[in-house]
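Visitor: give me coordinates for this.
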Amino acid sequence: MAVGSNTERSGTVTVGFDWLSVALVLGGVLLLYYVVPLVSLFLSVPAGDILAQITNPTVVDAATTSLLSASVSTVIATLFGLPLAYWLARTDGAVMKGVLAVVILPLVLPPTVGGIVLLTVFGPGSPLGEAAVAAGFPLTRSLAGVVLAQTFVASPFVVVTAKAAFESVDQTLEYASRSLGEGRLTTARRVTLPLAGPGILAGVTLAFARAIGEFGATMMMAYYPRTMPVQIWVAFIELGLDNAYPVAILLVGIAVAALAVLNTVASNPWE
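Guide: You can find the predicted model right below:
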C-alpha cells in the first residue's frame, strides 16, 4: 500500500515536472522574443559609432528635454497622485470604483487618442489654449505641452501602484497612532508613508520610465521641443534606421535603470 502510494506520488511529481518543462519551453519562446531584438539592437552598431552619435547636439537636446520634462511630470504625478491613491485605498463603494476606472483609462487609451483628448482642452482652438497663448505661455508645441502629455499617460502608474502600497499597510497601526492623539495627517506622514514607501517609489519609477518613453500623445501635443522618442522617429524617417540607434539604446539604458530601482530599493509591484 505504501509502495503504491509512493509510486502514485512519484508519478504525480513526474507529470508535474513534465508540465513545467512544457511551460518553460512555450514561455521560453516569448522570452527569446523579448531578448533577441534587444541584443540585436546593441550589436547592430559599433560602440564607438554609438558614443559618437550620442554626443550629437540634436541628440543631447532631445535627451535634455526628455529628462527635464519627465522629471517635472513625475513630480506633478506624485504630488497629486499620492493623495488620490490614499483616498482610493481608504475608500470603498461604487464611487471609488468609478474614480479608479477614470484613473486607469489613460493606461488603456491609445497614446495618440490621449493626445487628441488633451488637444480638446489645451489645444490652440480651446478657450484654455487660446488664453495661454495670449498670456505668452502656449500649452502646445512647447515644454509645457510635453509635460501635459507625459503626465496624462504616466501619472496612473503612481496612483495605481501607490494605492496597492497603501492597502498593504496594516490599518491597526494607523488606528494605534490616532488613538495616541496623532491626527490623520501626522499618522500618514509618520506611519503610512514610511511603510508604503517602497511601493510608492516603485510607482514613481514606473511613471518616470513611462513619461520619458512617451511618443504618441507627445507628438500630438508638442512636436517641438523634441523628446527622445520623437527624435528616434525623426531620425528614422529622415536619415534611416542607423541614425535612430543611439537614442533608442539610450532609452533602453534608462529602462534597465528603472528595472534596477524596482528590484533593489523599491518594491516591485509584479513580484
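Visitor: buried ones in the helix or strand hosting residue 99?
Guide: Element membership of residue 99 [criterion: DSSP states H and E] is helix 94-108. By 16 or more other C-beta atoms under 10 Å, the buried positions in helix 94-108 come out as 100, 103, 106. C-beta coordinates here come from the backbone N, C-alpha and C atoms, glycine included.
Visitor: which secondary structure elements does the helix or strand following it contact?
Guide: Per DSSP H and E, the first helix or strand lying C-terminal to helix 94-108 is helix 111-122. For helix 111-122, the packing partners by 3 or more C-beta pairs under 8 Å, 6 or more residues apart in numbering; DSSP states H and E come out as helix 127-134, helix 143-167, helix 216-221.
Visitor: got the angle for helix 111-122 vs helix 94-108?
Guide: Orientation check (axes from the mean of the first three to the mean of the last three C-alpha atoms, to 10 degrees): helix 111-122 against helix 94-108 gives 120 degrees.
Visitor: rounded mean pLDDT for helix 111-122, please.
Guide: Averaging pLDDT along helix 111-122 yields 94.
Visitor: rewinding a little: okay, the angle between the helix holding residue 99 and helix 143-167?
Guide: Using the same axes, to 10 degrees: helix 94-108 against helix 143-167 is 130 degrees.
Visitor: domains for this structure, by residue range?
Guide: Domain segmentation of the chain under automatic domain parsing yields 1-44, 46-263.
Visitor: looking at those, which is buried most?
Guide: Mean neighbour count (mean count of other C-beta atoms under 10 Å) peaks for domain 46-263 among these, with a mean of 18.
Visitor: which residues of the chain score low on pLDDT?
Guide: For the chain, the stretches with pLDDT under 70 are 1-17, 265-271.
Visitor: just the helices in it please.
Guide: 2-44, 47-54, 57-89, 94-108, 111-122, 127-134, 143-167, 171-179, 184-187, 193-212, 216-221, 228-239, 245-262 (DSSP state H).
Visitor: show me the contacts for the nearest residue to residue 178 once chain neighbours are set aside.
Guide: Nearest residue to residue 178 in three dimensions, chain neighbours excluded: residue 187, at 5.6 Å (C-beta to C-beta, 6 or more residues apart in numbering). Shown in contact with residue 187 (C-beta atoms under 8 Å, 6 or more residues apart in numbering): 174, 177-178.
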